[in-house]
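*Asks:* Predicted structure and sequence below. I'll ask about it afterward.
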Amino acid sequence: MADDDIDEDETEDEEGKSSGGGSKKLIIIIVAVILLIIGGGAAAFFMGLFDSSDSGSPATEAEPSSDSKKAAEDLAFFHDLPDITVNLNTKGRKRSVMKLKISLEVASPDEIPKLQALMPRVIDNFQVYLRELRLDDLKGSAGMYRLREELLMRVNAAITPAKVKAVLFKEMLVQ
């Protein structure tokens, strides 16, 4: 009888341990599933799957949707400038040459004839500025950014009241 009591106590302890470990695993699995659902919902939200403009009421013909207004504002028209080749400002006997192919982005096609009419002024402003550049001025992405901003400022000053939205480098070669 004493042996029977010991065996019953041992089996109860083993059952208690196994059920406790199983409940911990179950809790971990439930928490993991909840986190996956929340993470998936957050990812879907940030990817725009819950965007109300896609699944809302249909837009009427008289009123253009905000998406079409944004698309009209985002339209861009480009005008290619002639290739520009300049000697850079260097000290000593070594010569450095820079060759640029540039496109100008304008908001409407109406700006392009204005830009073409004032193209000699734009090219002159670019040439004067570019000839004073040194190789150190062009190093790294910060140098490219400064060059882009300076050219944008100069072209907008030359063609006022028309406006260029951006200066785009198609090719830039420095030798």
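*Replies:* Everything's here; your move.

*Asks:* Start and end of stretch 158-168, how far apart?
*Replies:* The first residue of stretch 158-168 is 17 Å away from its last residue (Cα to Cα, to the nearest Å).

*Asks:* Mind listing what's buried along that stretch?
*Replies:* The neighbour-count check on stretch 158-168 (16 or more other Cβ atoms under 10 Å) flags 158, 159, 162, 164, 167 as buried. For every residue, glycine as well, the C-beta is placed using N, CA and C.

*Asks:* Return the helix or strand in this structure with minimum mean pLDDT.
*Replies:* Comparing every helix and strand of the chain by mean pLDDT, DSSP states H and E singles out helix 52-55 as the least confident one, with a mean of 50.

*Asks:* For the helix or strand residue 152 falls within, what does the pLDDT average out to?
*Replies:* Following DSSP states H and E, one finds residue 152 within helix 140-158. Mean per-residue pLDDT for helix 140-158: 93.

*Asks:* From the contact counts, what lies against it?
*Replies:* Using 3 or more Cβ pairs under 8 Å, 6 or more residues apart in numbering; DSSP states H and E, the elements in contact with helix 140-158 are helix 119-131, strand 164-174.

*Asks:* Check the spacing between residue 142 and residue 170 real quick.
*Replies:* Distance from residue 142 to residue 170, counting by Cβ to Cβ, to the nearest Å: 21 Å.
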